[in-house]
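**Q** okay, here's the prediction I keep looking at, along with the sequence it came from:
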Amino acid sequence: MNYISSLATVATDLQPAVSVRGLSRRFGNGSPVLDKLNLDIAQGEFVALLGRSGSGKSTLLRALSGLDPVREGQISCPQESAVVFQESRLLPWKKVWQNVMLGKAGATRSDARQVLEEVGLGHRTDAWPLTLSGGEAQRAALARALIREPKFLMLDEPFAALDALTRLHMQNLVSALWQRHKSAVLLVTHDVDEALLLADRAVVLEKGHIRAEVSISLPRPRRHYDPAFVHLRSALLKHLGVDE
Ligand SMILES: Nc1ncnc2c1ncn2[C@@H]1O[C@H](COP(=O)(O)OP(=O)(O)OP(=O)(O)O)[C@@H](O)[C@H]1O
């Protein structure tokens, strides 16, 4: 398996990797949580999805990942998609490498080892999940997603439960992996700085609508103290209804 070379050409394709058209979702008789939503994600594009609690971020992700069937509207998504959640969701009775193998039918132990090396967990392949730290468990969850060689990677607040330092390490890891593989990424986050550090575009959801889209064309690696970064942070916070 060579994940690196298999995805290297994807970014040149002009077709969007992901297309959402007129997507609506309502629970019971309540008002729609997603309301005729349209969103495209280009091949190789990194999009951050922000919005207040209850704005519909996870509902959109559930629809994109197929966990919630589409009732109204259309979604076009690559078959090779994978999701990483806030919790690692590793099976405690299987070793780390076995959990990673579960990410893809037909994957071998050597595939699992290779992808674990790539996320910096090569030394823990034989460990039991309950002996991993929070950061290690998320690395394993990332490896289980990457073994699928996803053309579209969904990250649902994957670092929210981690301490600040581990979070920074994980952000750097995801940035490096994305720059190497260039799959399309949708990252759900509450953290404006995380969006600005990682994404090409931030999409702000409000009551199931896209309230704002902000293009983040800063060169990488990005620095919190860069004046352009600070300016974009203010703009994004304003879209989120926060006045500094
Ligand atoms: N299965 C469900 N049944 C009923 N209501 C639901 C269900 N799933 C989500 N909702 C409602 O839909 C709305 C949007 O939820 P969603 O989880 O998508 O928000 P979110 O933006 O991801 O929030 P958070 O940032 O807090 O995770 C909320 O009001 C939530 O209560």
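**A** That came through fine. Just so it is clear, the structure is predicted and the values come from calculations on it, not from any experiment.
**Q** leaving out chain neighbours, which residue sits closest to the most centrally placed residue in the chain?
**A** Taking Cα atoms, centre = their mean, the centroid of the chain lies closest to residue 155, which sits 2.4 Å from it. Leaving aside its sequence neighbours, residue 155 sits nearest to residue 187 (Cβ to Cβ, 6 or more residues apart in numbering; 4.5 Å). Glycine gets a C-beta too; all of them are placed from N, C-alpha and C.
**Q** next: residue 82.
**A** Nearest to residue 82 is residue 145, by Cβ to Cβ, 6+ apart, at 3.7 Å.
**Q** report all helices and strands that the top helix by length along the chain contacts.
**A** Determined from DSSP state H, the single longest helix within the chain is helix 164-181. When contacts are defined as 3 or more Cβ pairs under 8 Å, 6 or more residues apart in numbering; DSSP states H and E, helix 164-181 sits against helix 3-7, helix 134-146, strand 184-188, helix 192-198.
**Q** residue contacts, the residue nearest to residue 155?
**A** Residue 187 makes contact with 46, 47, 48, 49, 155, 158, 174, 194, 195, 198, 199, according to Cβ atoms under 8 Å, 6 or more residues apart in numbering.
**Q** where along this structure do the strands fall?
**A** For the chain, the strands defined by DSSP state E occupy 16-25, 34-42, 46-51, 72-76, 81-84, 152-156, 184-188, 201-206, 209-215.
**Q** who touches the fourth one?
**A** Under the criterion Cβ under 8 Å, 6+ apart, residues 16, 18-25, 36-37, 63-64 lie in contact with strand 72-76.
**Q** buried ones in that strand?
**A** For strand 72-76, a neighbour-count test (16 or more other Cβ atoms under 10 Å) marks 73, 75 as buried.
**Q** partner strands of it, with direction?
**A** strand 16-25 (antiparallel) (DSSP bridges).
**Q** distance from the chain centre to the partner strand, please.
**A** Remark: strand 16-25 is offset 17 Å from the chain centroid, using Cα atoms, centre = their mean, to the nearest Å.
**Q** would you mind listing where this protein has pLDDT under the threshold?
**A** Flagging of the chain using pLDDT under 70 yields the residue ranges 1-14, 244.
**Q** mind redoing it with 90?
**A** Applying pLDDT under 90 to the chain picks out residues 1-15, 29-30, 161-162, 241-244.
**Q** how about the residues of it by the ligand?
**A** 27, 33, 51, 53, 54, 55, 56, 57, 58, 59 (Cβ under 6 Å from any ligand atom).
**Q** and with 5 Å instead?
**A** Residues of the chain lying close to the ligand by Cβ under 5 Å from any ligand atom are 27, 33, 53, 54, 55, 56, 57, 58, 59.
**Q** from these, which single one is nearest residue 103?
**A** Of all these, the one with the least separation from residue 103 (Cβ to Cβ) is residue 58, at 21.0 Å.
**Q** how about that closest one, what does it touch?
**A** Residue 58 sits in contact with 156, 188, where contact means Cβ under 8 Å, 6+ apart.
**Q** no further questions, thank you.
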